[in-house]
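In: here is my input, please return the structure:
(chains A and B)
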Amino acid sequence: MSVTVHIPTPLRQYVGQAETLKIEGKTVGDALHKLTSQYPDLKKHLYSEDGNLRSFINIYVNDEDVRYLERNKTPLKESDEIRIIPSIAGGSAAVAPHVELRPDEILRYSRHLIMPEVGMEGQLKLKAARVLTIGAGGLGSPLALYLTAAGVGKLGIVDFDVVDLTNLQRQILHSTETVGKPKLESARDRLKALNPDVQMELYDAKLTSENALEILKDYDIVADGTDNFPTRYLVNDACVLLGKPNVYGSIFRFEGQASVFGMPGAPCYRCLYPEPPPPGLVPSCAEGGVLGILPGIIGVIQATEVVKLILGKGEPLVGRLLLFDALRMSFRELKLRRDPKCPICSEHRTIHKLIDYNQFCGISPQPQEKLPSDWEIDPVELKDLLDKSERIFLLDVREPQEWQICRIPGAHLIPLGQLPANMNQLNSADNIVAYCRSGVRSGKAVDLLRKSGFQKIKNLKGGILGWADKVDPAVPKY
Amino acid sequence: MTALSIPAGLLDRIRSHGRDAYPLECCGLLLGRADANGKLVIDLRPMQNSREDTPERRYLIVPEDILEAEKEAREQGVDIVGVYHSHPDHPARPSEFDREHAVPWYSYIIVSVEKGRPQDLTSWVLREDRSAFDSEELHAV
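Out: Prediction:
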């Protein structure tokens, strides 16, 4: 393919003052290689010593930045136009305070220091860097551990939760001993033991529209380890408003995603997902479960991206969405485009300050569709009725794998999803009590059956968890 | 040593841009022509500092803006011949960060703005091997 390369004025001296050159090439990388072989003086201004394009050199094909196409692999068509555009940057003095490494630090980071991509320069960048992780849970654990081990200067952690036994299957920052303690305390002790030099800033709070900008402003990079949509949109918007990179990760069962949002000119989370899913459609880890290792993989990918951004090395996961599937053990990549109508990061943005994210995600402060109180039954009341040998049909609407964990004796299993097709197994003359884990799904079942003409059905308040609390402590909670 | 000729009125505009942007860094492009004797600045194009994190110590002109400025300059028959920016409360000398991010051949005008008042104004060109900046003679015309 023969393409035209436009040479910017400052680089024309290396190509015999030509404004444009005709070059043959199948891809952008191919064309640039031919260009720099033909005009070797050009090379050191386009590429740094490690062979990567200099950070301020941008390559456009027909007015599109190749970072958002396929980079070096971007295919070229006959008569495409390539433009080399420098972004212009600079500034007074060093932004970072002067830092150097002590002899024991040199030893600690020696495996970094001997790599040309890191070296002393890179390790000092890490030491000067300030990173904020939102959440000290599944994703936050590997993030905080590896960033601390890597020697970032300052690590901020936002979390308001307490360590629970159900966390330990994946949240490797915490331990059996710290169950019941605040996650921040547990994290601090573990991270201090790993690397006492890292300055730690702990925010014992839920990230909200009121405190987000104030907390985020002191950091260079934000790593999002949240598990819910309102906070994810909040982190995205706050990062876009402050111009900070947002290293994103999310997990569900056996699958995960990662990307880097919030870079200048690059897509943000809203460009990918303009609208949140309806509440309840995407289950949380507590509802849907998650492979314990999965946040490890995704969190480590996020930590890698954070370190690359700090070092300014490699190709960050910008404009790309990485999809991981643990069952297939496969990684796929989707190209992301900036949404020209994005409400927060486009020129036509409509959001200029942080909004109410619970409302945006359709989550109202009161629980939705609360059942009338006479559609509900308390576990103790149910126990009394059963003890009096009342005829009650106990309907368990959970999934079979939950049924295997525990059940109320005498119950019948019909998972919620199969209920519409299996209503004929129920008798509308029976007194029916439906239950699930905590009472949400069985509430839907009650609603569904009442609408189908069942009048004598009630929901077990608090689900089997409530049953375990109030009636039978031998029933395990999960 | 190269030389940069620039009308005194444009130098004043660079100083006032630095004063107005203080305590943030201002930045802009120098538009003009170059020949064997050096460069002549004909006009300025103030640009948006796209650094939202530390605009008091850093400036960034994103490539999209440069692309647009370059197209407009071409229509007017001029070239981008350099860049100006301010150093709020810092001397008018290029920093290590300036050097790492410098483009060859461009003239880099720096104006120091001390406590909101424009002071020294200097011009610099990146050395061919990228090792340092050399000072450039400024001719007010």
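In: residues contacting the spatially closest residue to residue A:176 that is not a sequence neighbour?
Out: Spatial nearest neighbour of residue A:176, chain neighbours left out: residue A:168 (6.6 Å); criterion: Cβ to Cβ, 6 or more residues apart in numbering or on different chains. Glycine gets a C-beta too; all of them are placed from N, C-alpha and C. Residue A:168 sits next to A:174-176, A:179 when contact means Cβ atoms under 8 Å, 6 or more residues apart in numbering or on different chains.
In: what residue in chain A comes nearest to chain B?
Out: Proximity of chain A to chain B (Cβ to the nearest Cβ) peaks at residue A:243, 2.7 Å away.
In: burial of the closest residue to that residue other than its chain neighbours, as a residue count?
Out: Take residue A:243 and drop its neighbours on the chain: the residue closest to it by Cβ to Cβ, 6+ apart is residue B:52, 2.7 Å away. Look at residue B:52: counted by other Cβ atoms under 10 Å in any protein chain shown, it has 14 neighbours.
In: name the element residue B:52 belongs to?
Out: Using DSSP states H and E, residue B:52 sits within no helix or strand.
In: distance of it from residue A:234?
Out: From residue B:52 across to residue A:234, the span is 18 Å (Cβ to Cβ, to the nearest Å).
In: centre of the chain to the helix or strand of chain B with the lowest mean pLDDT, how far?
Out: For chain B, scoring each helix and strand by mean pLDDT, DSSP states H and E identifies helix B:96-100 as the least confident one, at a mean of 82. Chain-centre distance of helix B:96-100: 14 Å, with Cα atoms, centre = their mean, to the nearest Å.
In: and the contacts of residue A:168 as a markdown table, adding secondary structure?
Out: A markdown table is the format used below for the contacts of residue A:168 (DSSP: H, G, I helix; E, B strand; the rest coil):
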| residue | secondary structure |
| --- | --- |
| A:174 | coil |
| A:175 | coil |
| A:176 | helix |
| A:179 | coil |
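In: now, which of these sits nearest residue B:38?
Out: residue A:174 (65.4 Å; Cβ to Cβ).
In: pretty sure the closest one contacts residue A:162?
Out: No - in this structure, residue A:174 is not within contact of residue A:162 by Cβ atoms under 8 Å, at 9.9 Å.
In: which bits of chain A sit near chain B?
Out: A:8-11, A:13, A:44-45, A:55-56, A:58, A:60, A:63, A:65, A:83, A:85-95, A:220, A:241-244, A:264-265 (Cβ under 8 Å from any Cβ of the partner chain).
In: in strands, which of these appear?
Out: A:58, A:60, A:65, A:83, A:85-86, A:88-90 (DSSP state E).
In: for the residues you listed, pick the one with the most neighbours.
Out: residue A:88 (27 neighbours).
In: look up how far residue B:73 lies from the closest residue to it other than its chain neighbours.
Out: Take residue A:88 and drop its neighbours on the chain: the residue closest to it by Cβ to Cβ, 6+ apart is residue B:61, 4.3 Å away. Per Cβ to Cβ, residue B:61 is found 14 Å from residue B:73.
In: the spatially most central residue of chain B: what's it in contact with?
Out: In chain B, the C-alpha nearest the mean C-alpha coordinate belongs to residue B:84, at 1.5 Å (Cα atoms, centre = their mean). By Cβ under 8 Å, 6+ apart, the contact set of residue B:84 is B:14, B:17, B:26-30, B:44, B:108-111.
In: if we can go back for a sec, quick one: buried ones out of the residues of chain A next to chain B?
Out: Neighbour counting over these (16 or more other Cβ atoms under 10 Å in any protein chain shown) leaves A:8-11, A:44-45, A:56, A:58, A:60, A:65, A:83, A:85-92, A:95, A:220, A:241-244, A:264-265 as the buried ones.
In: mind showing which ranges of chain B have poor pLDDT?
Out: For chain B, residues meeting the criterion pLDDT under 70 lie at B:1.
In: again, only using 80
Out: Applying pLDDT under 80 to chain B flags residues B:1-2, B:36-37, B:52-55.
In: after the helix or strand of chain A with the lowest mean pLDDT, which helix or strand is next? Please name it.
Out: Lowest by mean pLDDT, DSSP H and E among the helices and strands of chain A is helix A:285-288, with a mean of 77. Next helix or strand after helix A:285-288 toward the C-terminus (DSSP H and E): helix A:294-311.
In: for the closest residue to residue B:42 other than its chain neighbours, give the beta-bridge partners.
Out: Leaving aside its sequence neighbours, residue B:42 sits nearest to residue B:32 (Cβ to Cβ, 6+ apart; 4.4 Å). Taking DSSP bridges, one obtains residue B:41, residue B:79 as the residues bridged to residue B:32.
In: residue B:28 now?
Out: What pairs with residue B:28, by the bridge criterion (DSSP bridges), is residue B:46, residue B:84.
In: what's the local residue count around it?
Out: 26.
In: wait, it touches residue B:18, no?
Out: No - checked against Cβ under 8 Å, the pair residue B:28 and residue B:18 is beyond contact range at 9.9 Å.
In: residue 130: what's it in contact with?
Out: Using chain A. By Cβ under 8 Å, 6+ apart, the neighbours of residue A:130 are A:152-154, A:156, A:218-221.
In: um, chain B though
Out: A:44-45, B:99, B:102, B:104.
In: which residue, other than its chain neighbours, is closest to residue A:342?
Out: residue A:271 (5.0 Å).
In: name the SS class of the one you found, please.
Out: Going by three-state DSSP: residue A:271 is helix.
In: contacts only, for it.
Out: So residue A:271 contacts A:336-339, A:342, A:345 (Cβ under 8 Å, 6+ apart).
In: list the contacts for the spatially closest residue to residue A:312 that is not a sequence neighbour?
Out: Spatially, and ignoring its direct neighbours in sequence, residue A:312 is nearest to residue A:55 (5.7 Å; Cβ to Cβ, 6+ apart). Applying Cβ under 8 Å, 6+ apart, we find residue A:55 in contact with A:48, A:312, B:101.
In: overlap of the contact sets of residue A:174 and residue A:162?
Out: residue A:183.
In: what's near enough to touch residue B:93?
Out: Applying Cβ under 8 Å, 6+ apart to residue B:93 gives the contacts B:87, B:110, B:122.
In: likewise for residue B:14?
Out: B:28, B:44, B:84, B:109, B:111, B:121.
In: what about the residue of chain B most remote from its centre, distance to chain A?
Out: In chain B, counting by Cα atoms, centre = their mean, residue B:75 sits farthest out from the average C-alpha position, at 21.4 Å. Distance of residue B:75 to chain A, computed by Cβ to the nearest Cβ, to the nearest Å: 15 Å.
In: returning to that earlier point: quick one, phi psi at the residue nearest to residue A:176?
Out: phi -70, psi -20 (degrees, to the nearest 10).
In: can you show me the strands along the stretch 301-450 of chain A?
Out: A:320-325, A:330-335, A:376-377, A:392-396, A:412-413, A:431-435 (DSSP state E, counting those that start in this stretch).
In: and among those, the most buried is which?
Out: strand A:431-435 (a mean of 25; mean count of other Cβ atoms under 10 Å in any protein chain shown).
In: got the angle for that one vs strand A:392-396?
Out: 20 degrees (axes from the mean of the first three to the mean of the last three Cα atoms, to 10 degrees).
In: show me what contacts the most centrally placed residue in chain A?
Out: The residue lying closest to the centre of chain A (Cα atoms, centre = their mean) is residue A:249, at 2.3 Å. When contacts are counted by Cβ under 8 Å, 6+ apart, residue A:249 touches A:139, A:223-225, A:256-258, A:295, A:298-299, A:301-302.
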